[in-house]
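Enquirer: Show me the folded form of this:
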Amino acid sequence: MQIPNQRLKNQTCIVTGSSSGIGKAVAKSLGLEGANMVVNYHSGKKEAEEVADWINNESRCGSAIAIKCDVSSEKDVKEMFKKTISHFGTVDVCVANAGIQIDHPLHEMPLKAWQKVIDVNLTGQFLCAREALKEFLRRGMRKEVSKSLGKIIHMSSVHEEIPWAGHANYAASKGALLMLMESICQAYAHKKIRCNSIAPGAIKTDINKEVWVDEKEKKELLKLIPYKRIGIPEDIGSVACWLASDESEYVNGTTIFVDGGMTCYPGFSTNG
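Expert: Sure, this is the predicted structure:
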């Protein structure tokens, strides 16, 4: 985890899907920068409360609360922002991280599998971004804490660029997320609102544990990563802190790939 320097002191951050995996690491990293944290969960209440407790008990962090919210529900997202603003006063950073995979070959994919992934991975990010924008515009600039009116960070994937057979719903949601993020930047950058994406590659989380704990599977995966290392959630947390801070104040409307070079198509490293 990065060495904290209180870059987000007195700011409030929501991280969706932060009871485990990448979201958990992002929440802890932002907390270590002095931010007040909302640890969002859908079903992992115990895990979310443990993350919030860790932040509350770490002297370098701000304070934290856990809030249940299904990001695909407009009602839930509105309520999460309402509770956050009531508790902390405002929202300065929204990290829309929550996402799911439901994998099928396209010709066998049930409509409900397509719809559920789009609902969480794309509509959920739209709903969170919309509520964040409303709060930024309502609250106005807080020059004492940031040069930006507000910051939105979308959690995308290398699959916003790399096709993924058998995962068309997931790849489609991430590809569409690129246009959502860029459109937000185009519309709101003049108001000093920043909107960017982080696109992780292969990261060690429970969702892909069967790959990185199996030496044979791991070896095959590393063929796709020029850096020859599988990422860890803290790699994403460090980038999220930078994007949320004024150190990246002129960065807007872009995707930062955190993938060890996966998007460089390593299969062509020996001339294809």
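
Enquirer: all strands of this structure, in order?
Expert: Secondary structure of the chain (DSSP state E): strands at 12-15, 36-41, 64-68, 93-96, 150-155, 193-200, 255-258.

Enquirer: so can I have TSV of those strands showing mean pLDDT and distance to Lys112?
Expert: Bear in mind the C-beta positions are built from the backbone N, C-alpha and C, glycine included. TSV is the format used below for the strands of the chain (pLDDT from 0 to 100; distance: least, C-beta to C-beta, whole Å):
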stretch	mean pLDDT	distance to Lys112
strand 12-15	98	27
strand 36-41	98	23
strand 64-68	98	23
strand 93-96	98	23
strand 150-155	98	23
strand 193-200	98	26
strand 255-258	98	29
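
Enquirer: among these, which is nearest Ala168?
Expert: strand 193-200 (17.8 Å; C-beta to C-beta).

Enquirer: for the closest one, packing partners?
Expert: Strand 193-200 is packed against helix 124-139, strand 150-155, helix 168-188, helix 233-244, strand 255-258, with contacts defined by 3 or more C-beta pairs under 8 Å, 6 or more residues apart in numbering; DSSP states H and E.

Enquirer: Parallel or antiparallel, list what pairs with it.
Expert: Strand partners for strand 193-200, identified by DSSP bridges, are recorded as strand 150-155 (parallel), strand 255-258 (parallel).

Enquirer: Other residues contacting the shortest one?
Expert: It stands for strand 255-258. 156, 158, 160-161, 178, 181, 196-201, 231, 235-236, 239, 243, 263 (C-beta atoms under 8 Å, 6 or more residues apart in numbering).

Enquirer: ok, how many other residues are close to Glu247?
Expert: Using other C-beta atoms under 10 Å, Glu247 is surrounded by 12 other residues.

Enquirer: sorry, that was for Thr84
Expert: By other C-beta under 10 Å, neighbour count at Thr84 equals 25.

Enquirer: can you check Gly62 too?
Expert: 23.

Enquirer: what do you get for Gly261?
Expert: Neighbour count for Gly261, taken as other C-beta under 10 Å: 15.

Enquirer: How about the contacts made by it?
Expert: Counting by C-beta under 8 Å, 6+ apart, Gly261 has contacts Ile225, Pro226, Tyr227.

Enquirer: Just send these back as TSV, with neighbour count too.
Expert: Listed next are the contacts of Gly261 as TSV, based on neighbours: other C-beta atoms under 10 Å:
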residue	neighbour count
Ile225	18
Pro226	16
Tyr227	14
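
Enquirer: so of those residues, which ones are in helices?
Expert: Assigned to helices by DSSP state H, none of the contacts of Gly261 qualify.

Enquirer: pull the helix or strand with minimum mean pLDDT from the protein.
Expert: helix 209-212 (a mean of 80; mean pLDDT, DSSP states H and E).

Enquirer: name the helices or strands packed onto that helix?
Expert: helix 215-222.
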